[in-house]
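Asker: using only what follows, build the 3D model:
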Amino acid sequence: MKSFMLQGAKILATGSAVPDSSLNNYQISRIVKTSDEWISTRTGIKERRILTGDNKSVVDLAVLASRKALNKASLHPSEINLIILATSSPNDLFGSASRVQSKIGAINAVAFDLTAACSGFVLGIVTATQFLQNCKYRNILLIGADVLSKWIDWSDRSTCILFGDAAGAIVIQSCSIEDNSVLDFQLDTDGDYANYLSILYQQELNPHPELNLYQGSFKYVYMNGKEVYKFAVSQVPLSILKCLNSLNIKVNDIDWLLLHQANERILMAVAEKLSINSNKIIANLNKYGNTSAASIPLALDEALQQGKISNNDIIVIAGFGAGLTWGTVVVQWKSS
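Answerer: Prediction:
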């Protein structure tokens, strides 16, 4: 019987991709009754990127982000063993990870989708880490990508101002315990509040005349913004503290706080509850809006490109959103 030694997990490289087309607050004010001041003061968002063009989908952004991450990691796609695509907006309801696998030429990789909306990337890190720690795989490509502009009601001011399209990717590799960068995690779900944020399937009222068969279609994004805000501000700090306590890490030891980029008010409120200085917050939602599963890897990639993150920095990553789901991963950054 084959025996295994527990391994660590190290983030080798990051990559990101955003559409060329941007949509600023002034342009949105020509679609719905709003203004740049109203949007920016309530959300911190000034503009967002929107995927346009015929046959363009989440796969295109995921492929571009993946290639950038693989190039930085100096890995050939054939060296990837597993691809996890965290998305809630696939262009195929059966999943889009296999299309990414094909397009980048990862011929030796298993590929599957993970659907957990804005918490998807955090759950993806945890999922990938389990495969690496038990020695099942060596190299994993984790992608967070969403194109929620395709699921927005552009007459609904409460949602159309928030969302943008993007993709972010990381390459995670098994390593020795000494080089481990994913220190611990905390995950939670409360399905009693799933109706606060959803894209619901709606059944048609009239059945097929011959078969008495009901069919339907998915509707637009719905969000109860007030309740989602209350949930995030109350539960995310608790999740972070549980994770830190399990590691005997103090809040003062945190170098960077990287939250899902949903709303600037949420970011500031969570930091305030934890008594974390605002200059430790990684944020870029002013340029991209809420990009769902892509928001964390997109912000991480930008922070690394800007030289903000140094070797051995402690990064607290927290995602929250539909489900309702939320979770925290504590990472100690290890420079390659």
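Asker: quick one, longest helix in this structure?
Answerer: The residue-count maximum for a helix in the chain (DSSP state H) belongs to helix 225-247.
Asker: mind giving me the packing neighbours of that helix?
Answerer: Helices and strands touching helix 225-247, as assessed by 3 or more CB pairs under 8 Å, 6 or more residues apart in numbering; DSSP states H and E, comprise strand 182-189, helix 264-273, strand 314-321, strand 325-332. C-beta here means a position set from N, CA and C on the backbone, and glycine is covered the same way.
Asker: using CSV, write out every CA atom in that helix.
Answerer: What follows is helix 225-247, C-alpha atoms only, in CSV (Å, rounded to 0.1, in the frame of the first residue of the first chain):
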residue,chain,number,x,y,z
GLY,A,225,-28.0,44.9,-0.5
LYS,A,226,-28.9,46.0,3.1
GLU,A,227,-29.0,42.4,4.4
VAL,A,228,-25.9,41.3,2.5
TYR,A,229,-24.0,44.3,4.1
LYS,A,230,-25.2,43.4,7.6
PHE,A,231,-24.2,39.7,7.0
ALA,A,232,-20.7,40.6,5.7
VAL,A,233,-19.9,43.1,8.4
SER,A,234,-21.0,40.8,11.2
GLN,A,235,-19.8,37.4,10.0
VAL,A,236,-16.6,38.1,8.1
PRO,A,237,-14.7,39.5,11.1
LEU,A,238,-15.7,36.5,13.2
SER,A,239,-14.5,34.1,10.5
ILE,A,240,-11.1,35.9,10.4
LEU,A,241,-10.7,35.9,14.1
LYS,A,242,-11.5,32.1,14.3
CYS,A,243,-8.8,31.5,11.7
LEU,A,244,-6.2,33.7,13.4
ASN,A,245,-6.9,32.2,16.8
SER,A,246,-6.4,28.7,15.4
LEU,A,247,-2.9,29.7,14.3
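Asker: looking at the helices and strands packed on helix 225-247, spot the one closest to residue 297.
Answerer: With CB to CB as the criterion, residue 297 lies closest to strand 314-321 of those, at 9.7 Å.
Asker: neighbouring strands - and their directions - for that closest one?
Answerer: strand 256-259 (parallel), strand 325-332 (antiparallel) (DSSP bridges).
Asker: of all those strands, which one comes closest to residue 111?
Answerer: Per CB to CB, nearest to residue 111 of the strands paired with strand 314-321: strand 325-332, 21.9 Å.
Asker: mean confidence for the closest one?
Answerer: The pLDDT scores in strand 325-332 average 97.
Asker: one more: stretch 54-72?
Answerer: 95.
Asker: out of the strands paired with strand 314-321, nearest to residue 178?
Answerer: Distance to residue 178, taken as CB to CB, is lowest for strand 325-332 among the strands paired with strand 314-321, at 11.3 Å.
Asker: could you dump the closest one to PDB, C-alpha only?
Answerer: Written as PDB, here are the backbone C-alpha positions of strand 325-332 (Å, rounded to 0.1, in the frame of the first residue of the first chain):
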ATOM      1  CA  THR A 325     -21.300  31.400   2.100                       C
ATOM      2  CA  TRP A 326     -18.200  33.000   3.600                       C
ATOM      3  CA  GLY A 327     -14.700  31.900   4.400                       C
ATOM      4  CA  THR A 328     -11.100  32.900   5.400                       C
ATOM      5  CA  VAL A 329      -7.700  31.700   4.300                       C
ATOM      6  CA  VAL A 330      -4.500  32.800   6.000                       C
ATOM      7  CA  VAL A 331      -1.500  32.900   3.700                       C
ATOM      8  CA  GLN A 332       2.100  33.500   4.400                       C
END
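Asker: for that strand, give me every contacting residue.
Answerer: With contact meaning CB atoms under 8 Å, 6 or more residues apart in numbering, strand 325-332 is reached by 11, 116-117, 119, 122-123, 125-126, 180-189, 231-232, 235-236, 239-240, 242-244, 247, 249, 312-320.
Asker: so how far is that strand off the chain centroid?
Answerer: Between the centre of strand 325-332 and the centre of its chain there are 12 Å (CA atoms, centre = their mean, to the nearest Å).
Asker: compute the inter-axis angle for it and helix 225-247.
Answerer: For strand 325-332 against helix 225-247, the angle by axes from the mean of the first three to the mean of the last three CA atoms, to 10 degrees is 40 degrees.
Asker: mind listing what residue 267 touches?
Answerer: Listed by CB under 8 Å, 6+ apart, the contact partners of residue 267 are 44, 259, 261, 281, 283, 285.
Asker: tell me the domain ranges of the chain?
Answerer: 8-179, 182-193+221-332 (automatic domain parsing).
Asker: residue 212: which of the ones you listed is closest?
Answerer: Nearest of these to residue 212, taken as CB to CB: domain 8-179 at 23.6 Å.
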